[in-house]
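In: Attaching a predicted model along with its sequence, questions to come.
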Amino acid sequence: MAQDLPAPQPAPRRVLRVLRGAARLLAAAGLAVDAYVHAHLAGSYDAVTEGISQGTLFRIEAGLAALAALLVLIWRRPAPDFFAWLVAAGGLALLLVYRYVDVGTLGPVPNMYEPLWTADKRLSAIAQAVAVLATVFLLFSRPRTPGRRRR
């Protein structure tokens, strides 16, 4: 008599590794979309200026998001994951503030209040939210190495 043996279950470590890999891809994709949207729109916001143009700020955001996307993919450590979270969360927070609050001019930063939800703004908000969630997962799901104790 042949008995049917249950299929072996995947090791929890392997599942976590796959989930973390997927989270890295999602974080990088969200940050890459954010970088593209900001780089694409930068030229049309060069006229909005006080000391620094809004276009320049968009280019800075695009550069930081592109760097964070690259780092989260190639350097699998908490520091780049945290940097990616900061870029995504900061960008999302500023997008929402300038969507709902007329902050006005802040020193050299122009008034960037824009109370409309454009397609680009929606895309950027969704991409940044995905990146925030993915990086939170990366930061809180780090596997513990046996024999290493927390002080």
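Out: Structure's in. What do you need?

In: what are the ranges of the helices in the protein?
Out: For the chain, applying DSSP state H gives helices covering 12-42, 54-74, 78-100, 119-140.

In: between these, which one is nearest to Val48?
Out: Val48 lies closest to helix 54-74 among those, at 3.9 Å (CB to CB). Using the backbone N, CA and C atoms, a C-beta is placed for each residue, glycine as well.

In: With mean neighbour count and mean pLDDT added, can I get the helices of the chain in TSV?
Out: As requested, the helices of the chain are exported to TSV (neighbours: other CB atoms under 10 Å; pLDDT from 0 to 100):
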stretch	mean neighbour count	mean pLDDT
helix 12-42	18	95
helix 54-74	20	96
helix 78-100	18	97
helix 119-140	19	97
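
In: To Val109, which of the ones you listed lies closest?
Out: helix 54-74 (7.1 Å).

In: Now the helices of the chain in TSV, please, with extra columns for distance to Val109.
Out: Shown next, in TSV, are those (distance: least, CB to CB, whole Å):
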stretch	distance to Val109
helix 12-42	15
helix 54-74	7
helix 78-100	10
helix 119-140	18
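
In: which residues are contacting stretch 112-125?
Out: The contact list for stretch 112-125, computed with CB atoms under 8 Å, 6 or more residues apart in numbering, reads 33-34, 37-38, 40-41, 48, 54, 57, 91-92, 95-96, 98-104.

In: do that again at 7 Å, thanks
Out: With contact meaning CB atoms under 7 Å, 6 or more residues apart in numbering, stretch 112-125 is reached by Val33, Asp34, Val37, Leu41, Val48, Gln54, Leu92, Leu95, Tyr98, Arg99, Asp102, Val103.

In: Now do the contacts for the first one.
Out: Looking back up the chat, that one is Val33. Leu123, Ala127 are the contacts of Val33 under CB under 7 Å, 6+ apart.

In: again, 10 Å this time
Out: Val33 is in contact with Ala65, Ala69, Leu123, Ser124, Ile126, Ala127, Gln128, Val130, Ala131, counting by CB atoms under 10 Å, 6 or more residues apart in numbering.

In: Also the second one?
Out: Neighbour list for Asp34: 61-62, 64-66, 68-69, 87-88, 91-92, 95, 123-128, 130-131 [criterion: CB under 10 Å, 6+ apart].
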